[in-house]
Each structure stands twice: as structure tokens, then as C-alpha cells.
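>>> Dropping the sequence and predicted coords here.
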Amino acid sequence: MNSRDLILGRVRRALADVPRDDTPYEQAVDRDYLREHGNRSVEETVELLAENLADYRAIVHRCPADELPALLAGILAARGSASVLVPPGLPPEWLSAADTAQVEDRAVSTVYDLDGVDSVVTACALAVAETGTIVLDGGPDQGRRRITLVPDHHICVVRVPDQVVSSVPQAFERLDPARPLTWISGPSATSDIELDRVEGVHGPRTLEVVLVSAADR
Amino acid sequence: MSGTFVGMPAFPKAAHEAVNNQTLRGNLRHATHTIRGKREKAVAELADWAELREAGKRIKDHTLRHLDRYLVQLEESVTAAGGIVHWAADADEANRIVIDLVRMTGESEVVKVKSMATQEIGLNEALEAEGIAAYETDLAELIVQLGKDRPSHILVPAIHRNRGEIRDIFAREMSEWGRPAPEGLTDTPAELAEAARLHLREKFLRAKVGVSGANFMVADTGTLVVVESEGNGRMCLTLPETLISVVGIEKIVPTWRDLEVFLQTLPRSSTAERMNPYTSTWTGTTDGDGPQTFHLVLIDNGRTDTLADEVGRQALRCIRCSACLNVCPVYERAGGHAYGSVYPGPIGAILSPQLRGIASEIDASLPYASSLCGACYEVCPVAIDIPEVLVHLRERVVEGGPVTREGNKVVLKPAKGHAAERAAMRAARWAFSHPGALRTGQRLASRTRRFHPRTLPGPGKAWSATRDLPPVPAEPFRDWWQRTDGGKDTTK
Ligand code: SF4
């Protein structure tokens, strides 16, 4: 007998005591937990996102859409980045004011190429206010998973309020499981040495999040 | 489980040694108390914690009841998404599958993200025996691996090491394995982390094969989930060309939506954070992004035997958050190594003897590695009644009875050499069947906390001779039990 059949057979025998006509999945779980925690206005939800991002040591910026290019240029200049990785579908105007050398991520780019780049700029799929999390789904304005991992500095742009949800349950509703997802809450961190928190063991040590609102603000 | 911890002394002896190690106790105490305090705050932020806990419990119970169906569904969805599924009945078979898969790639090294499943089956040792180097990439696991040591905590595996020891290990060992530690390395955590970053980055960038575990597998979509902090998980999951994930068959949830429960309860219970820094989910392979070959190795290795036990099967609900370790007075004193298994603390005390059986002395002693204070049950985000399973397993050890081993029903004989435990059991049973006496005893103990004896009088004496008695909890278990209607109403 192959191991698949062996294991499935063992499972069935192990469950011999369980009544056969069991409750179907839809009724097996009470979902009377909350869809979101607390009653907030849209502005308050965005505010909470900013607070929680900062609480997890992301650097948070806010600006109206028309000031985004200047802000991104400023962040890159302040960091002294000589090169910035750009996913293929990033809106070109975002980096129109930056004089940092732009590096396209291409299929042939090796990890060593990526390792030599100073910063990366991406959009996101959504952000979760209650946990201070940004979620990337590999869309064209976010690129492959590795580009937000190997460089030491990640700038992520969140369109507020459209891309902001309150809670984890609301996030799962909106995300597509078929895409590879990366949930990011603050920069890479470890507490493995005597529980002292240290930022940036393997992932980017600096995470900057730009909350950009519609231009008419 | 394979012979990962062969030669371990039984719990009482190992614990006794650990208790006398001042450094270890100090580190552990600091760690468990810090995490415990933070966790309470993180949990208190969610008004619906009790409902989330109940939902988590029900999702897992439902899955376990229909595990055959969900396993088949998972296999279909992973395959449809471009992955390849393998089944392993025991540790040897799982190791053989992984070795063959690595061989097929022509590579002789792999990078690994911390995985209790691969540690349970002794994968690193098996790979090494075949000439394949396996690099652990989690900072703590690196400390453990370089120190030729064993992890002692689910979440912070190197918590038994202080910064001075870590500096010495890095300075001495890193050059043996790759990029040496920088000259003049000091013991500040930031410098130590930087040394690890440089040392490991060299390996990540050249790695062609990654090996991982998974926190969850979603049956209806075929999605796998890994929850982590450092980014080493992301490195292992996305940079190599081939990814091999080795996962226990109990880690399934039925639907994508179920993750909304566990991604709220796991981080808060575990690291006391609203959300851990990184969570990765992937479904099969994605063109042009991440590994282009994905293997999922599903392991049984004692899990179906555990499933066959009507009382003990609830241990399979465990999501490995480690909250129970941090509240356990016995763990705090004994440390993780005393449990002789990759699963330490209260969960280890009920999981290991079920996965491995109770033939060995250490496994037979594990159900006694507890004061039955009930704190582990109270914090568990999937409401595993650890004390109930402990008592059940003690009965198995002492009295024998029917169990399932490797899929076959066998009848255990009462364990030899457990006269002391038998006596302790008699005492415990007497107390539980005389509720008045137990209540008075505990109340009295609470009031006289300072004068609490180091050893038990009467029949429990032999048992407690090798154990320091833990402090009495602020609220006696019985009172808590009554207040919360047997733990059903955790809002009270
Ligand atoms: S038994 Fe419960 S508390 Fe302990 S590690 Fe498992 S899920 Fe966490």
C-alpha cells in the first residue's frame, strides 16, 4: 500500500468513533466574532493605520497626490540612495522628480543585482489599520516578492482611504488567494537575543510608508 | 518521531539539573514574564477574543473530524496550482523523500526556515548523513546550530543563551560555516544581528533549494502560510528555484476565510504583537515570481495515532503559538531542554508522548511535568484542555489501556518503575474526588504562599522529591473553573 492510502486509512479508522452525519462546515463554526473592532470614521481608520504603522517602527509620511513625486524624491535624497528599484507597473510620474538612478526589475535580474540596489518603491494591494499592516499581492505596481526583500530600504505607497481596510477579516475578504501575498508589519525584526528588539535581520531595515490622499484634499 | 533527543534523561532528572542552572533560570524567567505581560495587553485589545478562540477551536475540530476529506481536497488544490504533493507515514520516509528531491536538483546545500516539523523528523541530521548541508536561517536557530545545541522554546529557541555566550559562539563558529564574524565583534544585540545578516545573506543569495514548514494549509485554495519576523522565511520561500515544504497533516484549515481567525489569534498569543512583521502566503507556483518547483511533503509520524485518542486528539488543534510555555510554572523552572523533544512546555508534555508513544522513560514521565494549575488552558488560543489530557495520559502511563500505534490498536501494560507516579496519581484522584478537601487545600496554599513547601507530604513525596513545587496560582484552578463555567465562559 502506498503511504497516501495508508495515512488516509489510518485517519478514517482513527475517526471511527465520530458520528457520521456530522454538521456541515457552514454550520460547524460560529462566526460571531467582530468584522472590525470599534466604530470609526474613514478618517479615523486612516489615522489608526498611521499610528499602528509608527508603533511598529515604520516611518510614516502623508501627502496629497500632487505632492507625491516631490515627497518620494525627498525621501530618496535624504537617505542618500544612489539607486532605486522600480516594479514594471509603477506609475511613472511617482518618481518623476527623483534624480536617483532607476533600476527596472527584469526577469533576468539576479538576486546579486537586487542586492546592489539601495531602495525600492512599490504600491500595495491594501493596508490593515488595526494591525498596521501593508499587504502586497505581486501586482504590476508591486513587482516580484524578492524586490521588497533584498534591498535594505522599502518605500511603500498606500492610497488612502481606498486601499485601507479596518481589520484582518476585511482584508481576507478583499485579497485573492491565488496570488502570492506578503503581509508586512513594520521592518524586519528579531527579539532572539535576550528579547531585545533589533530591526532588520534579513529583510529591509527601514520601511517608509507614504499615505497618499486624493489631490483635492 | 525519530530519535532526535536520544539519550535524554527522563524529565525529573533533566529538570532537576536545569533548575540548578542559575543563568538558564534567570534568562527563562525574564523571557516568559516579559512575553506574558505583553501578551495580556495584546489580547485585551480585541473585545471578541473569546469568540475568536471558540471559532479557532471549532474550525480545527471540524477539520480534524473530516481530516481525510480535507487532505484529499488539499492535495487536489495544491496540484491544480502547480505543486507536487508527497505523503510520508513516518520520519524516515519523510527524510527519504526530501533527500531524493534535493538530489534531483543536483544541489548539495539547502537553506531552511525554522520548522518544528523538520526538527521533529531529524531532517538536518538525515541530510547531513547524505552529504547535504542544511543551513538554519532564523537568528535563534543559527545560534542553536552554531552552538551545536538544541532549541529550548518554540518561539525564542535560543532563549537559554545570553548575549555573551552568543558573541562567543559567533566568533568561534561562523568561519567554519561560511562568512566569519566581523573582527572585534561585541555583544550588543544590534552587532550580533548584523553579523548574522551578513553571514546568512551569502547563503540566501546562492541557495537553489529552500526547505520550510508551514503554519497553515488551506484546503479549498491550496494555499500555504508562513508567519515570521525576520525575513529569513521570505528569503527561503522566494529566492530558491525549488521549494520543499514539510508539514504535519494536522495543519489544515478548510477555507481561505478561516485564516482571518488565526491571523488574529496567533500573533497576539505568540509574540504579543498585533501582527508579526512578515506573513507569506503562496498557492502552488507563480510564473516569474518565486520558486518554479514546489513540493509539499505531508507527514503523519504519529499524528493519526494521536487522532485515534478521543481525549488526546485535541492536542492536534495546536497552532504552536507558545503561549502555554510562557505561563507554565514548571517550564519556567525546568527550561525547554528538560522535555526531551522539539515540543517543550505544556503542549510538549501532551504532544510528545502521543506522537512517540510512552515506551521510553522520558515520554512516560512527561505527563507528570505539570502542576495542573490550568494556566496553559486559559491562554491557549484554540482552547486545548491541556490539564485534561495530562490527567488522561497519566492514567495511560500508570494503568495502561488501549492505544493506537502506527495505525494498529494495542493494549498498553501499566508502565514499570512508576510506583511513585502511581502513588501521586492516587493522591490526585483522591483530591479530585473530594472537592471539599481540594478547595480547602488550595485556598490554604494561596494564603500561606510564602510558606509553601518545596516537597509534597504523604504519597506525593517521592514524586516531588525531584521537582521544586511551583508557586500556587493567584486564583485557584477550581475557583476559576467555577467562575467561568468550566472554562466555557472566558469573558468572566
Ligand atoms: S497548546 Fe495552545 S497555547 Fe500551547 S502552543 Fe499550542 S496553541 Fe499555543
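The structure has been received and is ready for your questions. Numbers count the residues shown, from 1 in each chain, chains lettered A, B, ... in the order given.
>>> Quick one: the helices in chain A, in order.
Taking DSSP state H, the helices of chain A run over residues A:3-14, A:25-28, A:42-55, A:68-79, A:111-115, A:168-174.
>>> buried stuff in the shortest one?
Read that as helix A:25-28. Buried positions in helix A:25-28, judged by neighbour count with 16 or more other C-beta atoms under 10 Å in any protein chain shown: A:Y25, A:A28. Just so you know, the C-beta spots here come from the backbone N, C-alpha and C atoms, and that holds for glycine as well.
>>> Contact residues of the stretch 151-300 of chain B facing the ligand?
For the stretch 151-300 of chain B, the residues in contact with the ligand (C-beta under 6 Å from any ligand atom) are B:S269.
>>> How about the stretch 151-300 of chain B: which residue is closest to chain A?
B:G231 (2.7 Å; C-beta to the nearest C-beta).
>>> Could you check how many residues crowd around that residue?
Close neighbours of B:G231, defined as other C-beta atoms under 10 Å in any protein chain shown, add up to 28.
>>> who touches the closest residue to it other than its chain neighbours in this structure?
Of all residues not flanking B:G231 in the chain, A:G203 sits nearest, at 2.7 Å (C-beta to C-beta, 6 or more residues apart in numbering or on different chains). Residues near A:G203 by C-beta atoms under 8 Å, 6 or more residues apart in numbering or on different chains: A:L149, A:P187, A:S188, B:E230, B:G231, B:R234, B:P277, B:Y278.
>>> So, low pLDDT: which residues of chain B?
B:1-9, B:12, B:16-20, B:24, B:415-492 (pLDDT under 70).
>>> Which strand residues bridge the residue minimising distance to the centre of chain A?
Taking C-alpha atoms, centre = their mean, the centroid of chain A lies closest to A:V135, which sits 2.7 Å from it. A:V135 has these beta-bridge partners by DSSP bridges: A:L126, A:W183.
>>> So it sits against A:W183, correct?
Yes - A:V135 lies in contact with A:W183 (C-beta atoms under 8 Å); the separation is 5.1 Å.
>>> hmm, back to that, if we compare the helices of chain A, which one ends up closest to B:D220?
Between B:D220 and the helices of chain A, the shortest separation by C-beta to C-beta is 9.6 Å, and it involves helix A:25-28.
>>> quick one: contacts of that closest one?
If you take C-beta under 8 Å, 6+ apart as the criterion, helix A:25-28 is touched by A:D22, B:R58, B:I59, B:D61, B:H62, B:P254, B:T255.
>>> what's the neighbour count on the last one?
The one in question is B:T255. With neighbours defined by other C-beta under 10 Å, the count for B:T255 comes to 17.
>>> For it, which non-adjacent residue is closest in space?
Distance criterion C-beta to C-beta, 6+ apart; nearest residue to B:T255, sequence neighbours excluded, is B:D220 at 4.9 Å.
>>> again, but for the first one
What sits nearest to A:D22 in space, not counting adjacent residues and going by C-beta to C-beta, 6+ apart, is B:R65, at 5.9 Å.
>>> next one: A:Y56
Using C-beta to C-beta, 6+ apart and skipping residues adjacent in sequence, the residue nearest A:Y56 is A:G186, 3.1 Å away.
>>> residue contacts, that neighbour?
With contact set as C-beta under 8 Å, 6+ apart, A:G186 has these partners: A:L53, A:Y56, A:R57, A:A58, A:G132, A:L207, B:P277.
>>> Could you check how far the last one is from B:N232?
In other words, B:P277. Distance of B:P277 to B:N232, given as C-beta to C-beta, to the nearest Å: 11 Å.
>>> go on, the third one?
Distance from A:R57 to B:N232, counting by C-beta to C-beta: 19 Å.
>>> number of nearby residues for B:R65?
18.
>>> can I assume it is in contact with A:D17?
No - under the criterion of C-beta under 8 Å, B:R65 is not in contact with A:D17, lying 10.4 Å apart.
>>> Name the residue of the stretch 101-250 of chain B that lies nearest to the ligand.
Nearest residue of the stretch 101-250 of chain B to the ligand (C-beta to the nearest ligand atom) works out as B:I154 at 6.3 Å.
>>> tell me the secondary structure for that residue?
Local secondary structure at B:I154 is given as coil here, using DSSP: H, G, I helix; E, B strand; the rest coil.
>>> Can you tell me which residue of chain A sits closest to chain B?
When scored by C-beta to the nearest C-beta, chain A has A:G203 as its residue closest to chain B, at 2.7 Å.
>>> where does that residue sit relative to B:L200, distance-wise?
Applying C-beta to C-beta, the value for A:G203 to B:L200 is 12 Å.
>>> again, but for B:R29
According to C-beta to C-beta, B:R29 stands 30 Å off from B:L200.
>>> who has more neighbours, those two?
Taking B:R29 and B:L200 together and counting by other C-beta under 10 Å, B:L200 has the greater number of neighbours (26 against 12).
>>> Wait, the more buried one touches B:E141, no?
No - counting by C-beta under 8 Å, B:L200 sits too far from B:E141 to count as a contact (10.4 Å).
>>> quick one, longest helix in chain B?
From DSSP H, the single longest helix across chain B is helix B:22-44.
>>> Phi first, then psi, for the residue nearest the centre of chain B.
Ranked by distance to the mean C-alpha position of chain B (C-alpha atoms, centre = their mean), the top residue is B:Y343 at 4.0 Å. In terms of degrees, to the nearest 10, the main-chain angles of B:Y343 are phi -110, psi 100.
>>> what's the answer for the one 3 residues further on, then?
Note on B:P346: its backbone torsions stand at phi -50, psi -40 [degrees, to the nearest 10].
>>> Show me the strands in the stretch 251-400 of chain B, by range?
With DSSP state E, counting those that start in this stretch, the ranges of strands along the stretch 251-400 of chain B come out as B:252-253, B:278-283, B:293-299.
>>> Sheet partners, orientation included, of the last one?
It refers to strand B:293-299. Strands that pair with strand B:293-299, judged by DSSP bridges, come out as strand B:84-88 (parallel), strand B:242-248 (parallel).
>>> quick check: angle from it to helix A:3-14?
Going by axes from the mean of the first three to the mean of the last three C-alpha atoms, to 10 degrees, strand B:293-299 is angled at 40 degrees with respect to helix A:3-14.
>>> where exactly do the strands run in chain A?
Under the criterion DSSP state E, strands of chain A are mapped to A:59-64, A:83-86, A:101-104, A:119-122, A:126-128, A:133-136, A:153-160, A:164-165, A:181-184, A:189-190, A:198-199, A:206-213.
>>> what about the second one, average pLDDT?
The average pLDDT within strand A:83-86 is 97.
>>> Next: the fourth one.
Taken as a whole, strand A:119-122 carries a mean pLDDT of 98.
>>> next one: the third one
For strand A:101-104, mean pLDDT rounds to 95.
>>> Sort out which residues of stretch A:68-81 are buried, please.
Buried residues in stretch A:68-81, counted by 16+ other C-beta under 10 Å: A:L68, A:P69, A:L71, A:L72, A:A73, A:I75, A:L76, A:R79, A:S81.
>>> Adding distance to chain B, write the residues you listed out as a markdown table.
Listed next are these as a markdown table, based on distance: C-beta to the nearest C-beta, whole Å:
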| residue | distance to chain B |
| --- | --- |
| A:L68 | 26 |
| A:P69 | 28 |
| A:L71 | 24 |
| A:L72 | 23 |
| A:A73 | 27 |
| A:I75 | 21 |
| A:L76 | 22 |
| A:R79 | 18 |
| A:S81 | 19 |
